[in-house]
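**Student:** need a structure here:
(chains A and B)
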Amino acid sequence: MARIEIRGLSHRYTDTKGDVLTAVDDISLDIEAGHFMSVVGPSGCGKTTLLNIVAGFIPASNGSVRVGGTPVTEPGRDRGVVFQSFGLFDWLTVRQNIEFGPRMAEVPPRERVERADKYLALIGLRKFADRYPYELSGGMKQRVAIARALANDPEILLMDEPFAALDAQTRELMQEELLGIWEATKKTILFITHSIEEAIYLSSDVAVMTHRPGRLKRLFEVSLPYPRSGYNIRSAPEFLQLKLAVHELVREEIMKHAAEES
Amino acid sequence: MWAGRMPHAFLLGLASVFGGLVIWTAIVHSGLVSSKLVPSPFVLLSQAVSLLGGGYTGTTLYAHIAASLARTLVGFSFAVLLGVPLGLLIGRVKALEALVFPWFAFLRPIPAIAFVPLVILWFGIGEFSKISVIFFSSFLYILVNTIAAVKGVPEQLLRAGSSLGARRRKLFVYVILPAALPQILTGIRIGSAISWTLVVAAELVAAQVGLGYMIMDAATFFRVNDVYVGLLAIGIVGFLLESTIAFVEQKVVHWHGK
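**Tutor:** Residues are numbered from 1 along each chain as shown, chains lettered A, B, ... in the order given. Here you go, the predicted structure:
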């Protein structure tokens, strides 16, 4: 089990006009092993940049990220990533997509098949094992992407607005399924979303970011008990209170930004 | 709203060809144009049959087609064998791309046919000259398309691959190559069409056999019907060549465009 330690993390970049912009500014954040941390904030606040640095896709300008004590310098098998637009390999079947990580790690074929079977069962797509991604619906594609990340048995799951491209019904279903998977696997999850309700429903911790440059505004602990599926937690008083509090903070940031613009 | 009532595209195409032939025949028979310059389709059909059997200047039509096709396939194959690997390399190495870019920018607008006189000066009028012109024409196209294909692989797929443990060579073989394959194959298909049009142009200059030679020679001796048959043969073979590659393309990159 690995925790994520983010220390004084900043990311600056030069835009097309040559101006230096700060996307993420001095963020320090710990995500305890086995916790489910969501990051919310107004769009353009650098949430995705934060995830991309933790994933090792882009370098930090300042500060550091450690996963299980090891500094992050590049992408790695210890951090599985799930993207908003799936990022599946269209030329591979569902099964081959899920087997991709183990295949890269040169896991023996027999064990690979067993692992793929396990995750196909977990996401309920055994019947679709030999289909190609273009034959699947959006929700099914994202299930495959989650299974593909899990089949590598990473310590950490990084999810970048994974359900944003799905319709409302599919989205709720996927949230329940993800909680089930998280409870079964106890992965450490960093989850980026712009949906406050989604963040509270899923997470043990919620981080709210400020508008550009993205700083950490406040950290909430969600004390609602797990498992959360099965009863109507979304209308529980504690849930609604928290939602209102987070909503106020995000709204404050949006208003502040609007004032700067005018 | 018309889509539902629209007849099958293939039937429409067939009707269009048939209609065109009818109009063509009607114009020739009306006497509006000289049948010496524009023969009727029936005359051309019988002429084609006679060329297939008896041949043009002692060489059957098959042999002319085979000669042109052989030159195309040799030149085109070398273009694929060199263009694709080189394109893969250049597409991955930014410095290499910067080095070759000005050359491409300069060479690409020059039609390959313009090199024919120079190539003849260099290598004479033998097969090597013709094949090198064909090679050059499709090589540049295939190369440029392969470079674009490699560079166009979505960043997200590279990220997905690398976070799943595919690094360097593995990332290239298992992610970049398959992701770039559709566009590489499109380049190869269009390259084949370019090669085929170039073989005929190359043969117009210096050849004793081949469709380009046949057309040029027939025009010189005012054998108009033979010119037409040569043109038809070029059209049909070119169509078959591209269709074959398009068929293979659909089978290999079945996911493309879905």
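
**Student:** interface residues of chain A facing chain B?
**Tutor:** Within chain A, the residues that sit near chain B (C-beta under 8 Å from any C-beta of the partner chain) are A:55-57, A:74-77, A:79-81, A:83, A:85, A:87-91, A:100-101, A:103-105, A:132-134, A:148-149, A:152. Quick note: C-beta positions are derived from backbone N, CA and C, even for glycine.

**Student:** What's the ChimeraX line that selects buried ones from those residues?
**Tutor:** Buried subset of the residues of chain A next to chain B, written as a ChimeraX selection, criterion 16 or more other C-beta atoms under 10 Å in any protein chain shown:
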select /A:55,56,57,75,76,77,79,80,81,83,85,87,88,89,90,91,100,101,103,104,132,133,148,149,152
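
**Student:** Show me the residues of chain A next to chain B that map onto helices.
**Tutor:** A:55, A:100, A:101, A:103, A:104, A:148, A:149 (DSSP state H).

**Student:** Need the per-residue pLDDT for the second one.
**Tutor:** It refers to residue A:100. pLDDT recorded at residue A:100 is 97.

**Student:** so it makes contact with residue A:92?
**Tutor:** Yes - taking contacts as C-beta atoms under 8 Å, residue A:100 lies within contact range of residue A:92: 6.8 Å.

**Student:** Just list the residues touching the residue in the stretch 1-150 of chain B that chain A sits nearest to, thanks.
**Tutor:** Per C-beta to the nearest C-beta, the residue of the stretch 1-150 of chain B with the smallest distance to chain A is residue B:149, at 13.7 Å. Counting by C-beta atoms under 8 Å, 6 or more residues apart in numbering or on different chains, residue B:149 touches B:87, B:91, B:180, B:181, B:182, B:183, B:184, B:187.

**Student:** Check residue A:87 too.
**Tutor:** With contacts defined as C-beta under 8 Å, 6+ apart, the neighbours of residue A:87 are A:145, B:154, B:156, B:157, B:159, B:160.

**Student:** List the buried residues in whichever strand or helix holds residue B:135.
**Tutor:** Using DSSP states H and E, residue B:135 falls within helix B:127-151. By 16+ other C-beta under 10 Å, the buried positions in helix B:127-151 come out as B:129-147, B:149-151.

**Student:** And the helices in the stretch 151-258 of chain B, which stretches?
**Tutor:** For the stretch 151-258 of chain B, the helices defined by DSSP state H, counting those that start in this stretch cover B:155-163, B:168-171, B:177-205, B:211-220, B:224-252.

**Student:** From residue B:118, how far off is residue B:153?
**Tutor:** 37 Å (C-beta to C-beta, to the nearest Å).

**Student:** per-residue confidence for the closest residue in space to residue A:100 that isn't next to it in sequence?
**Tutor:** Nearest residue to residue A:100, sequence neighbours excluded (C-beta to C-beta, 6 or more residues apart in numbering or on different chains): residue B:164, at 5.4 Å. What the model reports as pLDDT for residue B:164 is 96.

**Student:** which residues touch residue B:164?
**Tutor:** By C-beta under 8 Å, 6+ apart, the contact set of residue B:164 is A:77, A:80, A:100, A:101, A:104, A:148, A:149, A:152.

**Student:** Surely the fourth one touches residue A:148?
**Tutor:** This points to residue A:101. Yes - taking contacts as C-beta under 8 Å, residue A:101 lies within contact range of residue A:148: 6.8 Å.
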